[in-house]
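J.: I'd like to go over a predicted model; first the sequence, then the structure.
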Amino acid sequence: MVGLMAPFTIELDFKRGVLHPCNNIIQRHLSDMRGTYLDEAATEEAIEGGDPLLYEVYQYDVPFENGQLLVVTSIIQPGKVGDEYYMTKGHFHEKEETAEVYVGLRGRGYLLLETRGGEFKALPVEPGTVTYIPPYWAHRMVNTGQEEFIFFGVYPADAGHNYGEIEVRGFSKVVVERDGQPTLVPNPKREER
Ligand code: S6P
Ligand code: ZN
């Protein structure tokens, strides 16, 4: 059973996306995502050239117990590796029957979603877009704009993360720049199979 906890407030800076106070801050650099982007040469070149920070996550941790919720903001920098836009690693929840809500705060991009059965969706997200990620859907955010892409999320504290499968296979589509426009194209990694 969940213990009795004191209610609390924290501050969300809508402009910068940070939570304050915050007890769990994660930074992901390109070197943390080797193998995620299709262009391996561009990946290594960018890592050697300074290993850019791709995104930060501000999560306010509460006990990871059934019944608790985690609030979290993510800030994805603008940029590309090769012609593929900066994005989160993407994951299934370890407890796959758990859902999540994302709310776009700043910038724009896509929420990519996929089931194990191969069903795929790409939802455009801008400030004010509320997206519902149902149970069983893997999810990844992609920054297709010129500025930081910032979104807020809420999800069950015992959901956990499973990154392994997405690391290997990616999603069935990738978001790349074509003629200056974000474009969804089939993931060649999937076609090799
Ligand atoms: C957690 C939620 C987000 C992501 C964050 C970074 O379930 O979906 O807080 O953790 O956007 O993405 P990723 O794929 O690196 O965890
Ligand atoms: Zn999630």
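T.: All right, it came through fine. Residues are numbered from 1 along each chain as shown. Ligands and ions are numbered 1, 2, ... in the order given.

J.: ligand 1 contacts on the protein?
T.: Applying CB under 6 Å from any ligand atom, we find that the chain lies next to ligand 1 at 57, 72, 74, 88-91, 100, 139, 141, 153, 155, 159, 161. The way it works is simple: take the backbone N, C-alpha and C, and place the C-beta from them, glycine included.

J.: please repeat the previous calculation with a cut-off of 8 Å.
T.: For the chain, the contact set with ligand 1 under CB under 8 Å from any ligand atom comprises 26, 28, 55, 57, 59, 70, 72, 74, 88-91, 93, 100, 102, 133, 139-141, 151, 153, 155, 159, 161, 163, 166.

J.: which of these fall in helices?
T.: Among the residues of the chain next to ligand 1, the members found in helices (DSSP state H) are residue 166.

J.: quick one, which of the residues of the chain next to ligand 1 are buried?
T.: 28, 55, 57, 59, 70, 72, 74, 88, 90-91, 93, 100, 102, 133, 139-141, 151, 153, 155, 159, 166 (16 or more other CB atoms under 10 Å).

J.: return stretch 83-102 as PDB; C-alpha atoms alone will do.
T.: The C-alpha trace of stretch 83-102 is given here as PDB (Å, rounded to 0.1, in the frame of the first residue of the first chain):
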ATOM      1  CA  ASP A  83      19.600  14.400 -42.100                       C
ATOM      2  CA  GLU A  84      17.800  12.900 -39.000                       C
ATOM      3  CA  TYR A  85      16.400  15.300 -36.500                       C
ATOM      4  CA  TYR A  86      17.400  15.200 -32.800                       C
ATOM      5  CA  MET A  87      15.100  12.900 -30.800                       C
ATOM      6  CA  THR A  88      14.700  11.000 -27.600                       C
ATOM      7  CA  LYS A  89      15.900   7.400 -27.300                       C
ATOM      8  CA  GLY A  90      12.400   6.100 -27.200                       C
ATOM      9  CA  HIS A  91      11.100   3.200 -25.100                       C
ATOM     10  CA  PHE A  92       8.300   0.900 -24.200                       C
ATOM     11  CA  HIS A  93       7.300   1.100 -20.500                       C
ATOM     12  CA  GLU A  94       8.600  -2.000 -18.600                       C
ATOM     13  CA  LYS A  95       5.100  -2.300 -17.200                       C
ATOM     14  CA  GLU A  96       3.600  -2.200 -20.700                       C
ATOM     15  CA  GLU A  97       0.000  -1.700 -19.400                       C
ATOM     16  CA  THR A  98       0.900   1.800 -18.300                       C
ATOM     17  CA  ALA A  99      -0.100   5.000 -20.200                       C
ATOM     18  CA  GLU A 100       1.400   8.400 -20.300                       C
ATOM     19  CA  VAL A 101       0.300  12.000 -21.200                       C
ATOM     20  CA  TYR A 102       2.600  14.500 -22.900                       C
END
